[in-house]
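Chemist: Take this sequence and fold it.
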Amino acid sequence: MEKYVLSCCSTADLTAEHFKTENIHYICFHYSIDDRQYLDDLGKTMPFDVFYEAMANGAKTMTSQVSIDEFLEYFTPFLEEGLDILHVCLSSGLSGVINSANAATNILAERYPQRRIYIVDSLAASSGYGLLMDTLAAKKSAGMDIDSLYTWTQEHKLELHHWFFSTTLEYYVKGGRISKSSGFLGGLLGICPLLDMDSNGRLTSRKKIRGKKQVIRESVNQMERLAQGGLSYNGKCYISNSACYEDARALADLVEARFSKLNGPVEINNVGTTIGSHTGPGTVALFFWGRMRSG
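Modeler: The predicted structure follows:
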């Protein structure tokens, strides 16, 4: 079997156990809370409940991507072992990390001309990015070579759907995505924005829905409309949440009730500290394979 490494960034928001089981390597982003720096290390250094409680109490958060030097240090041991690398990056619509990965690759190509390093823009985020990585790991385990897996990823990555909703507008206001007046009025009306990931890998607001139950129902309606096979969808479904597990569980229950042919129960993960620094607590995201994203 061809020897190569399947790799991604920590922002794929799977558990450390999941990464280990599927033999997916990852490199960590960084974040800070009130100017103290941390690694986005899947909740090892700071548990997710502690992180989101700090945000809810007003802590200031910032994030930073992986540097060129960090990629050089991360990639080099694999190359020294004679391994090729397929590294999938967080969406370029959310981060410039792919530029650091490409710059490091250009340097390493001169040092290790006999090795192959493929860098892919996932155009995905959080556990949607994780669902993509899980699928790639299965294909690698089944014997797909690195060239074929690279090609498959480029051809199919836009079939991975992301639908996000938030039960609070506070962090939309803080992030400048909506005005304070709109946030205030939306809060009074119980508005829950429903967003998806567009074909450029950017989060795009699609609907403003009044009430949590309604936005959960509409998320599942979108899955029914877009999933491969509709109600006969037989792939995996992931959900991620930021300190609102009950909402994620309610969404998962509705998905499982409507889609009887799912490949296993819905997997619920945490929104990691990098993505969560921008969404804040109260966000739920639904991920599944569907028809090609556009617009």
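Chemist: neighbours around Trp152, how many?
Modeler: For Trp152, the neighbour count with other C-beta atoms under 10 Å is 14. For glycine as for every other residue, the C-beta is placed from the backbone atoms N, C-alpha and C.
Chemist: any idea how far Val120 is from it?
Modeler: 10 Å (C-beta to C-beta, to the nearest Å).
Chemist: now swap in Phe71 and tell me
Modeler: Here Phe71 is placed at a distance of 14 Å from Val120 (C-beta to C-beta).
Chemist: neighbour-wise, which of the two wins?
Modeler: Neighbour totals were compared for Phe71 and Val120, and Phe71 leads with 23 against 19 (other C-beta under 10 Å).
Chemist: how about Asn102, phi and psi?
Modeler: Main-chain dihedrals, Asn102, degrees, to the nearest 10: phi -70, psi -40.
Chemist: ditto for Leu86
Modeler: Dihedral angles of Leu86 (phi, psi; degrees, to the nearest 10) stand at phi -120, psi 110.
Chemist: buried sites along stretch 261-275?
Modeler: For stretch 261-275, burial by neighbour count (16 or more other C-beta atoms under 10 Å) applies to Leu262, Val266, Glu267, Ile268, Asn269, Asn270, Val271, Gly272, Thr273, Thr274, Ile275.
Chemist: ugh, wrong one, I meant stretch 62-74
Modeler: For stretch 62-74, the neighbour count (16+ other C-beta under 10 Å) marks Thr63, Gln65, Val66, Ile68, Glu70, Phe71, Leu72, Tyr74 as buried.
Chemist: Among these, list the two that are farthest apart in space.
Modeler: With C-beta to C-beta as the measure, no two of the buried residues of stretch 62-74 lie farther apart than Thr63 and Leu72, at 20.9 Å.
Chemist: quick one on the thing from earlier: which of the buried residues of stretch 261-275 lies closest to Ser127?
Modeler: Nearest to Ser127 out of the buried residues of stretch 261-275 is Asn269 (C-beta to C-beta; 4.6 Å).
Chemist: Please give the element, helix or strand, for the closest one.
Modeler: Counting by DSSP states H and E, the element that carries Asn269 is strand 267-270.
Chemist: quick one: the residue most central in space within the chain and Trp163, what's the gap?
Modeler: Most central in the chain under C-alpha atoms, centre = their mean is Ser126, positioned 1.6 Å from the mean C-alpha point. Per C-beta to C-beta, Ser126 is found 11 Å from Trp163.
Chemist: again with Tyr129
Modeler: Where Trp163 is concerned, Tyr129 sits at a distance of 14 Å (C-beta to C-beta).
Chemist: domain parsing for the protein?
Modeler: 4-158, 159-289 (automatic domain parsing).
Chemist: which stretch in these has the least confidence?
Modeler: Lowest mean pLDDT within the domains of the chain: domain 159-289, a mean of 87.
Chemist: So for it, first residue to last residue, what's the gap.
Modeler: 6 Å (C-alpha to C-alpha, to the nearest Å).
Chemist: now stretch 2-16
Modeler: Length of stretch 2-16, first residue to last, C-alpha to C-alpha: 25 Å.
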